[in-house]
Every structure is written in structure tokens, then in C-alpha cells.
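>>> just need the structure, nothing else, for what follows:
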Amino acid sequence: MAALASSSSSLLFSSPPSRLAPTSLHHLPRLSISTSSFLSSSSSSSSSSSSSSSFSPSFFAYPTSSRRYSASSFTVRASAAEKKKVLIVNTNSGGHAVIGFYFAKQLLGSGHEVTILTVGEEGSDKMKKPPFNRFSEIVSAGGKTVWGNPADVGNVVAGATFDVVLDNNGKDLDTVRPVADWAKSSGVKQFLYISSAGIYKPTDEPPHVEGDDVKADAGHVGVEKYIAEIFRSWAIFRPQYMIGSGNNKDCEEWFFDRIVRKRPVPIPGSGMQLTNIAHVRDLSSMLTLAVEKPEAACCNIFNCVSDRAVTLDGMARLCAEAAGLPLEIVHYDPKAVGIDAKKAFPFRSMHFYAEPRAAKDILGWNGTTNLPEDLKERFDEYVKIGRDKKPMQFEIDDKILESLKVPEAV
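Purely as a prediction, here's the structure:
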């Protein structure tokens, strides 16, 4: 059935950090790290960390008990004035590439030295697409860009030394281990890793918070465990969906493609499922805080997400409002239609959202994502690059609409 979008239901939902469990340990087996390991400086921890830290062989997680420390409960000795040399190992595909781009620019703007190593070759066709075709912005800001195989990272960076390494590339241990091992042997002081909120197991009690159960067989989980085992100072970041200029994976564009062509927007299920969509600048600001507050960030997992949720229908409405165009939403059951929802829709068709509780509580991070305003900016760029005029086929959409007897747009 087709129905014009209603404006009566809530679009955005937020939850205060005070919902953190105040006294009880989460049920998940977790990384055990003593207070001294959290609070000691890099100079004093070297002599005590071997005896004061123990790592669970099953998994580790952000503590939600009395071992939870707020950003104001101790003095962070590292500051923004302490400039770092940072290496970003950046993927050459998928939506995460834009994280490295924004992170590099923010670090450079704060006075840090940045080298970004992108997988592959500089002259490849992939480098003609965003965000890679904007890497001149990094160079003009004083950063360095190199290309190559992360497994040979030492040779690619020509023996350069770094204080911090971020791996924003590997999804499994085979890919990340060479980078991590090189960083360890090279004396890197802090190792950061971009994991994924997709490793959380489905829950009856959303949202996902740091410490929730994860899929033991997920590649990212193996990487997280390895990093925690070999580094004294590490931090894990689990992003979800994101928007922002330079992103090469469709998010808001999926909705714009249909709205500007006056096509119904097919959304699986009721449309009231909650998800989390953050502007990539919020992800980069969280990462930058970890670099500038290494003792606070040390040995923690952070949901690298916005602090608000949005419904699937709500995202469609916000995109239509940003475009200033009418909207028709069609709901459907993927199984009844006989299509794969993963191929038909850019988000998971169930409740899937995480909250950035640890970042707020430990790093003092605050999100700036404002979907109504951010989507207006995104639509302006969508039109500027001419995507609204680009010929497109909507074969899966047409199958859905046909099964529902909804007229297709001419």
C-alpha cells in the first residue's frame, strides 16, 4: 500500500548518558584492567602494566560498573598542545574511507603531523572518486599522502616514525596484524582501530552500548582482541552509518535518488525501526579527542556514532524536507515480495542503533550531528554534482511496487 508520509510521528530520539548502569557489572566477560593501568602516565605504566593488566581470553568490553571513569575524575596530562605524529592507514573502498579523510584534516587543523597511507595505487580509478580526489586538501594543509600495501607499511612510509597509528582499513586479523606488529616494533605509543557497530548481536534492549554481546566469529572482534593483547595504549571505535561530503557509499543519496524523480520510497517493515546516522565530522572529532587525551582513551571501546536515533521513515521525511519535495513512502515485507532487503535498502531493516556513552563519559565528547540541517547541505551537493539528472534504473524498486500494485513513476 502506498501512503503519503505523515509528519505526526517522532523522527529523532536521544538518550542521556545518565542511563549508564551505575553499580553492577555487565554480564559480558570483559577485559580486566586495574585502576593504575587506566590512570598511570606512559612513563610509570611501563613498569606496572605487565602485572596490573589481565586480558580475558574470551573478550573484553567497556566497563559500566564502579570501574567506569568520567572524564573529569582524573587529570589528563596529554593536551592539544602536545603535537603528535599520526599515521592513518586508510581503506580504498567502502564508506569508512571518508573517516580517514576527515580525521586527517581535523588533526592537521589542530597542529598535528599527519601521513595518510591509502591502500592501492595513486593512479588507480578508485582514486578518481571521493574522498580520494580531494586528498589535495590534506596536502595543502601540510599533510602527506602515500599509497601502497599496508602489509609492507614500514617500507611505504620510508622508515618514518609515529606516535599514533590508526588502522581504518582491516576487517580481519590477517589484514591488520602486519600493521599492528610493525607499529609495536616501531615504538608507536598509541594504536587506534576502526571496528564496526555491526559486530553487536541483535538485542531485545536497544540501543547497543559498549559492553554488549558481540558476534564471536566476526573478523573485527579478532582484531580488537589482538590489539588489546599487544599494545599498552589502544582504543577501539565502532561506527555505524554516516553522512558527509566525500562519502563514497550511498546513504542519504539513496533517498534523494527516489525523491527527486518523484518515485515512491520503498521501506521494509513498519518504517518505525530505529537506526543511527552520524555526520562524519563527529567521528573524526571523537578520534581526535582520543589522540589528544591518550590516557583517558586508553584501553576503551567507543561507539563512534551520533547521540540521536532516527526512524527509517523519519530519515525519508528529513531527506524530502531537505530537498523541498513531496514524499510518498511505501512499506513492504521483503519475504513476501521475494527480495533481499540488503540489496533493496541501504540500512538494516530492524532496530539497529548504538549510543556513544563511553565517548561522552570518558572523553567529554559532544556530538554535533543535526540531520535536518546536515541533509540540506548534502542535498545541495547532490544537485551540484548533477546526480539528480543522472539516468538510473530501479529494478528492485519496480519489483516491490509491482507486487504491491503501486503505480510506478513515469
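>>> enumerate every residue touching the residue most central in space within the chain.
With the centre of the chain defined as its mean C-alpha position, the nearest residue by CA atoms, centre = their mean is P239, 2.2 Å away. Applying CB atoms under 8 Å, 6 or more residues apart in numbering to P239 gives the contacts H96, I99, I194, S196, A197, A278, L283, C304, V305. Placement of C-beta: from N, CA and C, glycine included.
>>> please report how far K249 lies from S270.
Distance from K249 to S270, counting by CB to CB, to the nearest Å: 25 Å.
>>> who has more neighbours, the two?
For K249 versus S270, neighbours defined as other CB atoms under 10 Å are more numerous around K249 (16 against 11).
>>> tell me the phi and psi of the residue nearest to the centre of the chain?
With angles defined as degrees, to the nearest 10, P239 sits at phi -80, psi 170.
>>> need phi/psi at A235.
With angles defined as degrees, to the nearest 10, A235 sits at phi -150, psi 140.
>>> list the ones among the contacts of P239 that fall in helices.
The helices, defined by DSSP state H, take in I99, L283 from those.
>>> please tabulate the contacts of P239 in CSV, including the columns neighbour count and pLDDT.
Formatted as CSV, the contacts of P239 follow (neighbours: other CB atoms under 10 Å; pLDDT from 0 to 100):
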residue, neighbour count, pLDDT
H96, 21, 94
I99, 27, 97
I194, 27, 98
S196, 18, 98
A197, 22, 98
A278, 27, 97
L283, 29, 98
C304, 29, 98
V305, 30, 98
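>>> of the contacts of P239, closest to G170?
When the contacts of P239 are ranked by distance to G170 (CB to CB), I194 comes first, at 8.9 Å.
>>> so V86, which state does it fall into?
Using DSSP: H, G, I helix; E, B strand; the rest coil, the structure places V86 in strand.
>>> hmm, A290 and it touching each other?
No - assessed by CB atoms under 8 Å, V86 is found out of contact with A290, at 10.8 Å.
>>> need the contacts of P239 in JSON lines with distance to L325, can you?
Formatted as JSON lines, the contacts of P239 follow (distance: CB to CB, whole Å):
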{"residue": "H96", "distance to L325": "30"}
{"residue": "I99", "distance to L325": "30"}
{"residue": "I194", "distance to L325": "35"}
{"residue": "S196", "distance to L325": "33"}
{"residue": "A197", "distance to L325": "31"}
{"residue": "A278", "distance to L325": "24"}
{"residue": "L283", "distance to L325": "29"}
{"residue": "C304", "distance to L325": "32"}
{"residue": "V305", "distance to L325": "28"}
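>>> between the contacts of P239, which sits nearest V139?
I99 (18.5 Å).
>>> OK, contacts around that closest one?
Shown in contact with I99 (CB under 8 Å, 6+ apart): N168, I194, P239, M242, V280, L283, S284, L287.
>>> try it again at 7 Å.
Contacts for I99 (CB atoms under 7 Å, 6 or more residues apart in numbering) come out as N168, I194, P239, V280, L283, S284.
>>> quick one: the nearest residue to the fourth one once chain neighbours are set aside from D181, how far?
With CB to CB, 6 or more residues apart in numbering as the measure, G244 is the residue that lies nearest to V280, at 3.5 Å, once sequence neighbours are left out. Computed with CB to CB, the distance linking G244 and D181 is 32 Å.
>>> K262: neighbour count?
Using other CB under 10 Å, K262 has 12 other residues around it.
>>> flag the shaky bits of the stretch 201-350 of the chain, pLDDT-wise.
For the stretch 201-350 of the chain, no stretch has pLDDT under 70.
>>> helices of that one, start to end?
With DSSP state H, counting those that start in this stretch, the ranges of helices along the stretch 201-350 of the chain come out as 219-230, 252-259, 280-292, 294-297, 312-323, 334-337, 341-344.
>>> so which of those helices gets nearest M127?
Checked against CB to CB, the stretch from the helices of the stretch 201-350 of the chain lying closest is helix 280-292, at 19.0 Å.
>>> who are the packing partners of the closest one?
helix 97-109, strand 234-239, strand 300-304 (3 or more CB pairs under 7 Å, 6 or more residues apart in numbering; DSSP states H and E).
>>> quick check: angle from the longest one to helix 280-292?
With axes from the mean of the first three to the mean of the last three CA atoms, to 10 degrees as the basis, helix 97-109 and helix 280-292 are set at 50 degrees to each other.
>>> partner strands of whatever helix or strand comes next after helix 97-109, parallel or antiparallel?
Of the helices and strands lying after helix 97-109 in sequence (DSSP states H and E), the nearest is strand 113-119. Strand pairing for strand 113-119, determined by DSSP bridges: strand 85-90 (parallel), strand 144-148 (parallel).
>>> just name the most buried of the ones you listed.
Most buried of the strands paired with strand 113-119 by mean neighbour count (mean count of other CB atoms under 10 Å) is strand 85-90; its value is a mean of 26.
>>> what lies in contact with it?
97, 100, 103-104, 107, 112-118, 150, 153, 157, 161-169, 179, 291.
>>> swap the cut-off to 8 Å and go again
By CB under 8 Å, 6+ apart, strand 85-90 touches 97, 100-101, 103-104, 107, 112-119, 150, 153, 157, 160-170, 179, 291.
>>> so V164 touches V188, yeah?
Yes - shown here, V164 and V188 form a contact pair, counting by CB under 8 Å, at 6.8 Å.
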